[in-house]
Structure formats: structure tokens, C-alpha cells
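**Q** next one to model:
(one chain, ligands or ions: 2)
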Amino acid sequence: MRFDAAIQGLYCSLAALSSHAKLRTSLCAKASLIFFIAAIVLGGLSAEPAAGQYMHFEMKTADANGDYLWEEPKNWLGGQPYYWAFVELGNEASMGPVHVVITSDAECFDMELAEAPLTESTTLRIRSDASLTINWRAVFSKDRESWLYVDGGLYGAAGEQVIMIAGGPWGRPDLGLPSKSHIIVGPNGEMKTWFIGLNKTARQPETPGYGSATGSEIVVNGGKLVAEAGLRVSTTDPADPGRLVLRGSAVFEQYTTPGNAYGANMPQLRGVEFWAGIWEIDGGDANIHVRDIYLHGNKHFAEGQALLKLTGDGVSTIHVAATADLADATLDVSGLDLAGPDTFTVIDAGSFIGTNIRFAEGTDLDQWSFEIDRPRGELLLTYTPPPCDLVADIAPAGDPDGIVDGADLGALLARWKDTGVSVADIAPVGNPDGIVDGADLGALLARWKDTCDTVASPVIPEPATLAMFAFGAVALLSRRGEQKNYG
Ligand SMILES: [Ca+2]
Ligand SMILES: [Ca+2]
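**A** Ligands and ions are numbered 1, 2, ... in the order given. Alright, predicted model coming up:
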């Protein structure tokens, strides 16, 4: 860290011990002031802007879309890139939401997004060819709901313990709205910092000035998320918890020994922590390598568990180098659509501490089971598809293939007018009448292209398809009739 930032960092470190955000900010701002006074006395930077200017980001004029562009560092603070600048995007002076696009490599010391009540729906986008580096701390949605799109890079300065908070504890109860942050990392986007917190809940409801932070989320759509020391998902309302979503080939990494992120009054980090939060992994292609995970109930209230939600057509393994503590967790597989019977490694850890995990309510236990292999440190999920029971799936004979198609139609027609016990006597369904006739043909066509997966919602063939098969059936039956006549 450079010298001037070190001075400021000293003040900010002292200030960080305070639980009062404004005090922290003002102390840090004071560090800026002291630095500038020192600089002026030394005669080195007398032409630089006054410290007060560091509190507000000077955006360029809005473009045709009404978006403000953060094109070059020189566009803010009098022509110099100031890595110690305090940037507020959406503050008291905005009198409404702002929409900012970062189009090149930018840097600042501290950032607050949607910092004041009128800034609801503020957006910040880091373009795919741009980056933003934070040198100390960022709070996205400090007061109000905001959206941050990371199509390029969002970085905490390398070697610094930079904290990024999504959903600050300053939500204004007077508006009845929580601060809520949405961070969306695009396919080529990368968010990398020392520590990430969702829905910071340092204050208790009885604390004066209490604000709620709920529903914040980080959605990684195939990009990369790195929280070196840890990521903590918390909430002030378990009915609207925070969530981390990994989609497609998203990468998620956490690897250093956790430290103490929030200050002296906060518990030690436990790597990747979910306090009544949702961890959703979609698609089965995510690449997850973390040091520790901790899935727990609500931090401040009795209700709520952490939810591990697996969706899509595959299961990604959570690789945990050290310990997995499933202190209080629910496993939701209702959104999983797997091809066939298989066993998947959901968690591959060095060891388990707690193993208090259960399926979500309503899970079909005939299809799903899990096993915790403590010696191996693995949570294994087994899927058994429902038995294939398609009334019209009669071919190949003796070994039906799970789909109602032309082979089944052929098998039925080959048994046309059979009486007695016949595999093709399928109608009336559930109470066959001992003859293979038009009713059976109709029952089969009504289940055309049914598979075991679609048996609950039969696909009705297009009228043209039906007509074609009806024609084919008549022709075939005619030939059968002819054969009979000549046979
Ligand atoms: Ca079949
Ligand atoms: Ca029948």
C-alpha cells in the first residue's frame, strides 16, 4: 500500500472498530483531509482538489441512453486517477437513481452504491473490456436496492484485505424497504476480492437506526467468483434470504485461511458461510474449490436453515479442501432433472464437522436418497428414476423401451382384433375389455411419444400426425384383411 493510503488506512482501521458507518466514513474522510493538509504543507500537491471533493464522484454527462459513463479515471477528480477517492454512486445529491457504465480500467479507495433513500434502482455496469479495482472497501446497496453487472473485472486490490458488502445494514426502516443488492457476473466477468458479505447484519433489531438487509444475491452466469478468505451470506429476514447462484460453467474459489473480516466484535470467518442463505448450483458444470464451508441456520433468529439447492441436468461437486460443517441445512433437489439412475458426489471434503442435513419437504424419497460417508468426507446423492409404467409402451415385446412410438403402433396393429389376454388390449385403460380395437388404437395415439419423463403430461400428437397414422393404420388393416382373405 502506498504511503498516503497507509495514513488513511490507519485511520480507517481504527474507524472500522466503530459499528457506526457514518462515523467510519467521516473518519476515513478525515484521513483524506489530513493527507491533503500534509501534502499542502509539504508543498507537493497544492493544486489538487480539496478533500471534500473526494466524497462525490464527478460523473461525465449522461449519454443518449441516460447512462453516465465512467470512461476514464481522468474523468473524475480534476484530471488525476485517485486510487484513494471515496466514490458514492447514487447519494443525497443524486435525488434519484443513477446509471453508471465503466468503460475502461478504473480505481478507487472506497465505493458506496445506492447510498441514499432516493437512489432505489441504481445500476452500475462494468463493461466486458473494463475493470474496477477497489483499494479498501465497497458497499453495494448501502441504503437502497441496486444492480451491479460485472461483465468485465471487479477486483479488490491484490494483497489487501478488501471487503465487499452486498446489502449494507443501513436500509431505512422509515421506507419499509431493505437494502438489497443484485450482483450479476457475466460469462466473461470476474469478481475477485478478499472477503464478500451478503446482507450484513451486524446490528440487531433493537439497535437504534436498525436497517434491514435481505434478499441480496450474487448470480454467476458462467463467470468467475473468488472470495479469497471467505464469503458470508446472512439476512435480517429468513423469509427473504440472500443467495449465491452458480450457473453453467461458473467458477467459485475460496482458498486462504479465514481471518476476521468485519472487525473485533465479529466472529471468525469460516470460509464459505451460509446463515439461513441459499446456495443454488445449476447445470452440473460449475467448478467449485473452496477451503471450508459452513451451512447453518439463521444467525440472529430461531427460524431458517441454509438451503443447498441443486437444479438443472447435472450435479456439480463442491470440492472442500478442509472441513465441511453441515450444522443446519436442507437439500433441495426439486429442480434436478437427471437422465437416469446415478450417484453423485455433492460435497467432497477433507472431513465433516456437523452433518445435520435433510431433504426439503415434499422430496420423493422413492427417487432420492443421500448418504454421508464420514471417513471419506463425502455427501453422496443417489437418484433412482420412477419405474417406467407406460400403458401404451408395448414394444419391443417383453422389453418395452420407455417411449410410445411407431414400434408400439405396429405391435398394436399386428394384434388387431385379438381377443382374450393381449398386450395390446390397453383400453379402457385400467380395465381392458378383452378386444384390441379402435379404443385401444385411440388410447395409444393419445399417448403418442410419451416417455417415462413425460408420462404425467402426455403429448397429444398434431392432427396431421394423427391423420397420417390413421391413414397408415387403415392401409395396414386393409392389407391384413387382404392377407386374411387370401390366406
Ligand atoms: Ca415402445
Ligand atoms: Ca380394448
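
**Q** the residue nearest the centre of the chain is in what secondary structure piece?
**A** Geometric centre of the chain, nearest residue: Val245, 1.2 Å, by CA atoms, centre = their mean. Element membership of Val245, judged by DSSP states H and E, is strand 243-247.

**Q** so what are the sheet partners of the next helix or strand after that strand and their directions?
**A** Using DSSP H and E, the helix or strand that directly follows strand 243-247 along the chain is strand 251-253. Take DSSP bridges as the rule and strand 251-253 pairs in its sheet with strand 224-233 (parallel), strand 287-290 (parallel).

**Q** send me the helix or strand following strand 251-253 as CSV with only the CA atoms.
**A** Downstream of strand 251-253, the first helix or strand assigned by DSSP H and E is strand 272-275. The C-alpha coordinates for strand 272-275 follow below in CSV (Å, rounded to 0.1, in the frame of the first residue of the first chain):
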residue,chain,number,x,y,z
VAL,A,272,-17.9,-20.0,2.8
GLU,A,273,-20.7,-19.4,5.3
PHE,A,274,-24.5,-19.6,4.7
TRP,A,275,-26.6,-18.4,7.6
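
**Q** what is strand 272-275 packed up against?
**A** When contacts are defined as 3 or more CB pairs under 8 Å, 6 or more residues apart in numbering; DSSP states H and E, strand 272-275 sits against strand 224-233, strand 293-296, strand 306-312. From N, CA and C alone the C-beta is placed, and that goes for glycine too.

**Q** can we see that at 6 Å?
**A** strand 224-233, strand 293-296 (3 or more CB pairs under 6 Å, 6 or more residues apart in numbering; DSSP states H and E).

**Q** partner strands of it and their direction?
**A** In the sheet, strand 272-275 lines up with strand 224-233 (parallel), strand 293-296 (parallel) (DSSP bridges).

**Q** gap between the longest one and the chain center?
**A** So the one you mean is strand 224-233. Chain-centre distance of strand 224-233: 13 Å, with CA atoms, centre = their mean, to the nearest Å.

**Q** so it versus strand 306-312, what angle?
**A** When axes from the mean of the first three to the mean of the last three CA atoms, to 10 degrees is applied, the directions of strand 224-233 and strand 306-312 differ by 150 degrees.

**Q** now the helices: where do they sit in this structure?
**A** 3-16, 21-41, 406-414, 438-446, 463-486 (DSSP state H).

**Q** circling back to that earlier point, show me the beta-bridge partners of the residue nearest to the centre of the chain.
**A** Taking DSSP bridges as the rule, Val245 bridges to Val219, Glu280.

**Q** thought it was touching Glu280?
**A** Yes: when contacts are counted by CB atoms under 6 Å, Val245 is listed as touching Glu280 (4.5 Å).

**Q** so Met111 makes contact with Val87?
**A** Yes: if you go by CB under 6 Å, Met111 and Val87 touch, sitting 4.8 Å apart.

**Q** what about the strands in the stretch 1-150 of the chain?
**A** Per DSSP state E, counting those that start in this stretch, the stretch 1-150 of the chain carries strands over the ranges 68-70, 86-89, 99-102, 105-113, 122-126, 131-140, 146-150.

**Q** what pLDDT is listed against the closest residue to ligand 2 within the stretch 251-400 of the chain?
**A** Residue nearest to ligand 2 within the stretch 251-400 of the chain: Val391 (11.3 Å; CB to the ion). pLDDT for Val391: 88.
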